[in-house]
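J.: coords please:
(chains A and B)
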Number of protein chains: 2
Amino acid sequence: MKIALAQIDNVIGDVENNKKKIIKLYERAASEKADIVIFPELALVGYTPQDLIEKAAFRKKVDEINKEIASHTNSETAILFGSITERDDNIGTGVFNSAILGLDGKIVFVQDKTLLPNYDVFYERRYFESAKKVNIFEFKGEKLGISICEDIWNDGDYWKHRLYEVDPVQELINQGATLLLNISASPYGYGRRSERRDMLSTLTKTNNLPLAYVCTVGAQTDLIFDGASMCFNSEGKLALMGKTYSEDYFIFDTKQNYAEIENVERPLEEEVHEALIYGIREYVEKTGFKHIVLGLSGGIDSAMVAYLAAKAVGSENVTAILLPSKYSSRGSIEDSIKLAENLGIEYKTLPIKDGVETINKSLEPFFKGTQPNVAEENIQARLRGLYLMALSNKFGWLLLTTGNKSEIAVGYATLYGDTCGALAVIGDVYKTQVYKLAKFINREEEIIPNEIIVKKPSAELRPNQTDQDSLPEYEVLDAILKLYLEKNKEFEEIAAEVGHPEVVKKVLRMVDLNEYKRYQIAPVLRVTRKAFGYGRRFPIVQGWRR
Amino acid sequence: MKIALAQIDNVIGDVENNKKKIIKLYERAASEKADIVIFPELALVGYTPQDLIEKAAFRKKVDEINKEIASHTNSETAILFGSITERDDNIGTGVFNSAILGLDGKIVFVQDKTLLPNYDVFYERRYFESAKKVNIFEFKGEKLGISICEDIWNDGDYWKHRLYEVDPVQELINQGATLLLNISASPYGYGRRSERRDMLSTLTKTNNLPLAYVCTVGAQTDLIFDGASMCFNSEGKLALMGKTYSEDYFIFDTKQNYAEIENVERPLEEEVHEALIYGIREYVEKTGFKHIVLGLSGGIDSAMVAYLAAKAVGSENVTAILLPSKYSSRGSIEDSIKLAENLGIEYKTLPIKDGVETINKSLEPFFKGTQPNVAEENIQARLRGLYLMALSNKFGWLLLTTGNKSEIAVGYATLYGDTCGALAVIGDVYKTQVYKLAKFINREEEIIPNEIIVKKPSAELRPNQTDQDSLPEYEVLDAILKLYLEKNKEFEEIAAEVGHPEVVKKVLRMVDLNEYKRYQIAPVLRVTRKAFGYGRRFPIVQGWRR
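T.: Numbers count the residues shown, from 1 in each chain, chains lettered A, B, ... in the order given. Have a look, this model is predicted:
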């Protein structure tokens, strides 16, 4: 059987344009005499429309377009695409996450999703009911076993601990499926693609069945979908893989022999590098912004974001603003200029000294007799945020925020200051990983000036300040954070592993107490399996270990 | 049977202190010879610990305390309390939302929750598995039918459209329950209490069974739990009701006759008034803040929040800051001073003129040749936010934000300016309701100066500006918003109902386009059934009706 995989990027909720893209690729597949063309999970509506699904008018429109898409099919080439369907029986939401099969002008088969993920960034049970049953669909001599994303992630042969009691793909195999099709939308997190390959390889090999697994691609605000659709032969070998971070279209012929693809995921820095650039580009393109603005401090984080932005939208579409204060070192300014020149981006200087002085003077009647503290430091950061937002508002530029994951974790950032911006580009990248990423970027030539990489990290908000006045060394901090945030380890376990119990205690406390800041930050581009944002939810007001 | 209802407030995750409170009230019930004392859903851990539940160390601690609480019981007085339990069978989370029954020193019965709400502000399927079955528990001649919150909200006699296929309370009745106990945690939204009474009255009357329904009370960041535990006799009459917005403890004797309670919910303004004051007070008490600061603009919103704050923490613990600009009218300043004097709160003036001038001057090289637009307006709002945060940081004061629901809906607020603050006090109150609330507050004497109530709403960010330069009249706006936000109606239906199709189109577009602002605002105290925050989730980047 000739299966065309349409690995498309779409805009959430933009059903008219998504429809056109789907029909166009159906026509291509039909002209190439494919037997079936398959599109990702929720291809028509995007992953995921969230509460748009609760709007009856939205669902009605989707229902109409589902039929319209099927009406374009002939009797030789079938279409399988992800969408939502509705069948109200007066119990539950009546809404399903479905794979719709169109043939000969109409919808001939619908398979609803059985396993609805509801952990981390997934909230599918908020909207959908589970499939009541699964059925194979016979077509051109094959028995198609059709499933949707999570449905295929509950294989008892692969997982020691399973998330669900039922295994819809095993049920399809029991019904005699001869070919597995899975339509998917899996947000990227490092390591995920290798795991996917391993799991699907085990499944196809164990059951001696070929599989076409089509993935969505694109970034949807914070979630990055990396594409990399996969086709396996019945020996469990990866025969074809779609492009990463790009739309793709290709045909998998189950009768053909393919050389096995061995490597599916590149080293962390390479993947994260590409994912972040893609995430910025997608946000800009889908929102219609033309130009990016950001503040350059002379530190590695803003340098990194400037580089990624220039890569994403082109140097000519990025403006960097230097906002020196009286605490900014000459080096910070020189290094920022060198960076901007290396990147070929416009830079301008907007000293904050006068503003800070006037503000401090206005506050004198309030502050007299007090010692300088974080209040004075934050004024500087907030004034910078104010200037950057003024430029954003005046010229319609998109402001990116530059905080890294380590900082966001411990609240080492000024809310409404450093955190101003629409997208937290490296908010899921630990400080130590930012350095590694810089090394990767500089592997052939010095793009990020070495001075920026080797200097001691500092917020430069008071004389001779360094990050390590308030924080442990980043190697130690990141080791603690990784165990705490991603592995859900607690004090005793972390102290046993990392040492420095007093430091561990302090760091965990900082993470907990800064939940209120994270509640108010911009969406964070997700590149690990546990990012800040919807995928991690802790109460702001709580008393566990306080 | 004598049932003590312990309507307690707790701190999420503070299991040690919550435990002490539970044991203390158990001892009181035992000394009063109650047969059983019942505590709300998740009473030990708070509603809801969110991702704390994913921490093994947290669950382990909870498991220990569950047993410890039971160890305090004697053989005459049982305890029933909400907690989490864990029984890992290698499928799913293995974690349950449970009612634990302790008697004679140990846990003798556990009933897990069957129906796990996963809509609006509820995300229980993220954490919990459903009960496999329900069982009655026999005690002192009664067959107790024990259920948890949502379990009792699926009565086929009451609901035309049901959310779940199974009805655990009906199953308990079928098993011969003679007395129903429900432990609950239901966040308040106006109308909810009357609905609860109606539904429970139908249930108890239809089945000819008494019911004790114990509710949690307290505010957990944005969610306000109003208490009002209810006891029904077997004729469906409301016999006893707990206090609202306050802890309570009382005994329901199923053998005793009670006069029926008719009125359970007061007019909207009264309820919202009390709920918001309670929400502020709880936030302050649970976070340990001692003092509140907020900006007074001369408008009704900040006046309202100042009043609510003074009521919540006492006039002596509130400082109001007047931040006039060159566009501020004399009236705004005079009215603010009058308000502060009426409330007995401290007020100080911090003119922003100098700061704005310096900032504008610093921006001159960037802005020259451009026309004044929203950029210049936002500078003023952001500088005010900066000053308020500086005071908050310097003195450890809690900054409250003052935007109303109508403004937040259409994005008529400056992000990082008006939106600075830890808690959006009236973010779930429409502008027209703010006026009604003011009228209620002034019912006996003029507390909020009449000048503030009658003046045309204005942000005073440019000469002679009024809100209605950019927005429709608030009566029209709020009618549109209510249908759009709360009823999920779309353009055609709203235009048919409200008229002004062009206005409706513009408003819906404003709501959609400002999702990015709402992503970054403070938690909103929830007083309706659909508030901004976790309970309403729309994609930031999307193309539905754009």
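
J.: so what pLDDT did A:Tyr430 get?
T.: Here, the pLDDT recorded for A:Tyr430 equals 98.

J.: Also A:Pro457?
T.: On the pLDDT scale, A:Pro457 gets 89.

J.: ok so it is a strand residue?
T.: No. With DSSP: H, G, I helix; E, B strand; the rest coil as the criterion, A:Pro457 is coil rather than part of a strand.

J.: need the contact list for it.
T.: A:Gly299, A:Ile300, A:Lys431, A:Thr466, A:Asp467, A:Gln468, A:Tyr474 (CB atoms under 8 Å, 6 or more residues apart in numbering or on different chains). (Each C-beta comes from the backbone N, C-alpha and C, glycine too.)

J.: Can you give me the neighbour number for the second one?
T.: For A:Ile300, the count of nearby residues is 23 (other CB atoms under 10 Å in any protein chain shown).

J.: Verify the stated contact: it with A:Pro449.
T.: No. Contact criterion CB atoms under 8 Å: A:Ile300 and A:Pro449 do not qualify, at 10.1 Å.

J.: Skipping adjacent residues, who's closest to the residue in the stretch 401-546 of chain A positioned nearest to chain B in space?
T.: Proximity of the stretch 401-546 of chain A to chain B (CB to the nearest CB) peaks at A:Gly543, 2.6 Å away. Of all residues not flanking A:Gly543 in the chain, B:Asp14 sits nearest, at 2.6 Å (CB to CB, 6 or more residues apart in numbering or on different chains).

J.: wait, that neighbour sits on A:Arg545?
T.: No. Applying CB under 8 Å as the test, B:Asp14 and A:Arg545 come out as separate, 9.4 Å apart.

J.: confidence score at A:Trp159?
T.: pLDDT, A:Trp159: 83.

J.: what's the distance between it and B:Arg125?
T.: 19 Å (CB to CB, to the nearest Å).

J.: hang on, the residue of the stretch 401-546 of chain A closest to chain B in a helix?
T.: No. Secondary structure of A:Gly543 (three-state DSSP): coil, not part of a helix.

J.: shouldn't it be in contact with B:Ile12?
T.: Yes. Counting by CB under 8 Å, A:Gly543 touches B:Ile12, with 6.7 Å between them.

J.: who's more crowded, these two?
T.: B:Ile12 (25 against 18).

J.: For that one, which residues are in contact?
T.: So B:Ile12 contacts A:Pro539, A:Val541, A:Gln542, A:Gly543, A:Trp544, B:Val45, B:Gly46, B:Tyr47, B:Thr48, B:Pro49, B:Leu52, B:Gln220 (CB under 8 Å, 6+ apart).

J.: Over to the residue lying farthest from the centre of chain A: give its phi and psi.
T.: Distance from the C-alpha centroid of chain A, by CA atoms, centre = their mean, peaks at A:Gly369 (47.8 Å). Per-residue torsions, A:Gly369: phi 90, psi -10 (degrees, to the nearest 10).

J.: can you check A:Gly218 too?
T.: phi 120, psi 170.

J.: Spit out the contact partners of it.
T.: With contact taken as CB under 8 Å, 6+ apart, A:Gly218 is in contact with A:Ile8, A:Asp9, A:Asn10, A:Phe225, A:Glu247, A:Glu282.
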